[in-house]
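Asks: sequence first, then the predicted structure, then my questions.
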Amino acid sequence: MTDATSSTSLLVQDARTTRRNRAEKRFRLYGLLAIGIGMLMLAILLITIISRGSGAFQQTFVTVPIYLDAAKLDKKGNRDTDDIRKVSTFGYAPLLKDAFESLAQTHGIETPLESKEMAGILSKGAEAQIRDRVIADPSLIGETVEFEFLASGRVDGYLKDRVSRDSIGNDKNISVEQLDLVDNLREFGLLGMRFNTAFITGSDASDQRPEAAGMGVAMIGSFFMMLVVLVLALPIGVAASIYLEEFAPKNWITDIIEVNISNLAAVPSIVFGILGLAVFINYMHLPNSAPLVGGLVLTLMTLPTIIISTRASLKAVPPSIRDAALGVGASKMQSVFHHVLPLAAPGILTGTIIGLAQALGETAPLLLIGMVGFIASNPPESIADGLLAPNSAMPAQIYEWAKRADPAFYERAWGGIIILLVFLITMNAIAVMLRRRFERRW
Amino acid sequence: MKDTSISENGVSSKTVKIAARNVQVYYGDTHAIKDVNVDIQDKTVTAFIGPSGCGKSTFLRCINRMNDTIDICRVIGDIRIDNEDIYDPAVDPVQLRAKVGMVFQKPNPFPKSIYDNVAYGPRIHGMARNKAELDGIVENALRRAAIWDEVKDRLGAPGTGLSGGQQQRLCIARAVATEPEVLLMDEPCSALDPIATAQVEELIDELRQNFSVVIVTHSMQQAARVSQRTAFFHLGNLVEFGETDKIFTSPEDPRTESYITGRIG
C-alpha cells in the first residue's frame, strides 16, 4: 500500500513521463534548428544579393566641359535642325578629344595619352549624348556646356574595385595610363560615383556599354504583361471558381475538371511557353516578343493558382451563411454575391496577388516566345505599342545580363534581382494589407 | 391507415396550411423519409420529435425546398401549401422561401450589422420603398423577436457580436422580417442556455398569432411546452401525429410511448 502511493507521487516523474518529456524537448529543438537554418539561409541570400547588386545602382560619371564648335556642328551657320542632324556621332568625336585636351591643360594633368585615348575612359555612348542634347537645343552651339558622361564599364569597375592595375593585363579597353588619368580626374572632383536613376528607368544596352544598361523598359514590359494577366486571369479565374464551387453539379465531369485544374497548377511553366509559341505566335500570328503574348501565356499559367485559391476561400465560408441567405429567400446568385463573395474576397485577392507575383518572376515561358534577348527598345509610346511592340521582362532581362561576358553585366543582373525582389515584396505586402483590411471589418 | 385516425383526433376549426402526401426522400440510395403524410394547420405550433437521424429535419427542409441545395437529395410525393404543389416545376424555390421562413439550429447571422441582417430580406424582396419604411420593418421585426430593447441603441453593431441567445433571436427577426406565412425552426434552441431557450420559447408562442410554426426539437419538454400538435418520427417513418397533450399522455403507438418514456432514442 505504502509502496503503491510512493510510486505514484506526483512530485516524482516516472520513467515514461521523463522519456516523453525528453522526446518533446528534442522535437522542439529540431523545430528551432529548422527555423534557424531557414533564417540563416534567408540572411545569406539577402546579404549576398544586396552586397553584389547594390553596386548596380551606383555609376561612375565624368564631368567634362565641351565646347560645341559651330564650325564642326553647323557649317552653314543657320541652326537648322535638319542640317544639324546630318552630323553623325562620328562628327562629335573631335569635340570630345578637344575637351579632354583642354581639361588636361587647365588642371595640369601630365599624361602620355593621346586625346583620343583620354576620351576612351568615357562610355561609347558619349558622342550620342552630346548629339542628342544639341539636336534638342541647337542654340547651345558655339557655347561651352558642361556634360556629365557615363564612364566606361572598366573605369566604373575600377572605382568599384572590380578592375585593378594588375588585373587589366592585356585588356584592350583600358590601360594603366588611363587609370592614372582616372585617379587624377578623381582628385579634381571631375570623376565620381553617384546614384544612377538610368539603371531603374533606362533600356538595355549593347555588349560594349554595360554602364548604360537599365531595367526600365523591361519593367514596362513586365507591367504590361501583368496588366494582361490581371485583366484576364482574375475575372476568368474567379468566375470559373464560383461556378465550379457554388453552381456546378457534382458529377464525373466536374470531378475531371477539378483534377485537371490541380494538375495544370503543377505543369512546368516551360510547357505553357511552348504552348504559347505554338498557339499564339505560330497559329494566331500574334507578334513575337510581345508583352501581350507573354501576358497570355502567363495567364494560362496563373489561372490554376487563382482558381485553386479562390475555391479554397469560397469553401472556407461556412455553409450556414449560404443557408441563411437562401432561408430568407435570396436566390443562389444573391447569396453568392451578397454574402459568400465578400467573405471570400480577402482570400481571393491574396491568391490573385500571389499568382501575379509568381507570374512576374517567371522566365522559362518567356524564353520560348522570344521575350528574352537583346531588346534595346525605347519605352513604348502608347498602350497598344506597349502590348504589341517587342519587349523584355524583368526576369528575362536579368537572365540576359547574367549570360553576357562582361562582369559589369553580372553586377547589373544582381541589381536587377534587387528590383525584382522589391516588386515581389511590395506585392506580397499589398496582399497582406488587403487581407488585414478586409478581415478587420468585424 | 394511421393518417385517418390522426385527422379524427385533430378536431379543429383551423385550416390546413401545409399538406404532405406520400413524401419520400432519398439521399443517394438511402431512403431517408418513408411515405410521410401530414397536415399542418395554420396559426399553430407543430413540433417534430424523434431520435437523431429519424428524418425530422430532412422533412422540415422539404417544406421550403432547402433540400434542393443538396445534389444527391431527391424528394418524391406531394407537399402543398395553401393547396399549391411546392414541387411543381413552375414554382421558384426563391419565392417559396420568402413565404416559408426558416430558423436554423446554429445561430447564423450574416457578418454584417444587426440592421443589415434584418433588412436584407426586405431589401431583396423590394418590400420597402424608402429608408423610413425599411426602418419600420426592421424595428417591427426586432420587436416581434423580442430583441428590440437589447439592440435598439446599437443597430450598426455586428450581428456576430451578440450572445448566442440574442443571435438566435436576431435570426428569428430576420426570418419574420420578410413576412412569411410559415416559419420553420430546426432545433432553434439546441445551442442556447436555458434562459435564452425560455425567451425563444416564449417568442414562438407569440409568433403563433401570425404564423404557422413548425419546430424540430430534441427536447420533449420543449415540444410539450410550445406546441399544440406533435409528430413523432422514427427511422424515417411518421409514427404518430396528433394533439400534443394526447401524444404525451396517451400515445397510441408503442414506439412513441417507448420514446417519450426514454426507452428508445
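Replies: Received the coordinates, thanks.

Asks: residue A:65 belongs to a strand, doesn't it?
Replies: Yes. Looking at residue A:65 with DSSP: H, G, I helix; E, B strand; the rest coil, it is inside a strand.

Asks: number of nearby residues for the residue in the stretch 51-200 of chain B that chain A sits nearest to?
Replies: With CB to the nearest CB as the measure, residue B:98 is the residue of the stretch 51-200 of chain B nearest to chain A, at 3.3 Å. C-beta here means a position set from N, CA and C on the backbone, and glycine is covered the same way. Per other CB atoms under 10 Å in any protein chain shown, the neighbour tally for residue B:98 reads 22.

Asks: any idea whether it is helix, strand or coil?
Replies: helix.

Asks: residues touching residue A:237, list them.
Replies: By CB atoms under 8 Å, 6 or more residues apart in numbering or on different chains, the contact list for residue A:237 reads A:302, A:303, A:306, A:307, A:310, A:352, A:355.

Asks: could you find the closest non-adjacent residue to it?
Replies: Once flanking residues are discounted, residue A:237 sits nearest to residue A:306: 3.4 Å by CB to CB, 6 or more residues apart in numbering or on different chains.

Asks: can you list the low-confidence ranges for the chain?
Replies: Here I'm looking at chain A. The model of chain A has pLDDT under 70 over residues A:1-7, A:373, A:375-377, A:440-442.

Asks: to clarify, I was referring to chain B.
Replies: For chain B, residues meeting the criterion pLDDT under 70 lie at B:1-13, B:264-265.

Asks: around chain A, which positions in chain B sit nearby?
Replies: Contact residues (CB under 8 Å from any CB of the partner chain) of chain B with chain A: B:64, B:66, B:69, B:71, B:94-95, B:97-99, B:101-104, B:106, B:108-111, B:120-121, B:124-125, B:158, B:160-161, B:171, B:174-175, B:177-178.

Asks: need the buried ones from these selected in ChimeraX.
Replies: This is how ChimeraX selects the buried members of the residues of chain B next to chain A, with burial counted by 16 or more other CB atoms under 10 Å in any protein chain shown:
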select /B:64,66,69,94,97,98,99,101,102,103,104,106,108,109,110,111,120,121,124,125,158,160,171,174,175,177,178
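
Asks: thinking residue A:173 is in contact with residue A:151, fair?
Replies: No. Counting by CB atoms under 8 Å, residue A:151 is not a contact partner of residue A:173; they are 11.9 Å apart.

Asks: give the contact list for the residue of chain A found nearest chain B.
Replies: Across chain A, no residue is closer to chain B than residue A:329, which sits at 3.3 Å (CB to the nearest CB). For residue A:329, the contact set (CB under 8 Å, 6+ apart) comprises B:94, B:95, B:97, B:98, B:99, B:121, B:124, B:125, B:178.

Asks: can you count the residues close to residue B:150?
Replies: For residue B:150, using other CB under 10 Å, the count is 16.

Asks: tell me where chain B has helices.
Replies: B:2-9, B:56-63, B:93-99, B:114-124, B:131-144, B:148-151, B:164-177, B:194-207, B:220-226, B:244-249, B:254-260 (DSSP state H).

Asks: quick check: residues of the stretch 251-400 of chain A near chain B?
Replies: Counting by CB under 8 Å from any CB, the stretch 251-400 of chain A sits next to chain B at A:318, A:320-331, A:334, A:338-339, A:343.

Asks: mind doing that once more with 6 Å?
Replies: Counting by CB under 6 Å from any CB of the partner chain, the positions of the stretch 251-400 of chain A adjacent to chain B are A:320, A:323, A:324, A:327, A:328, A:329, A:330, A:331, A:334, A:339.
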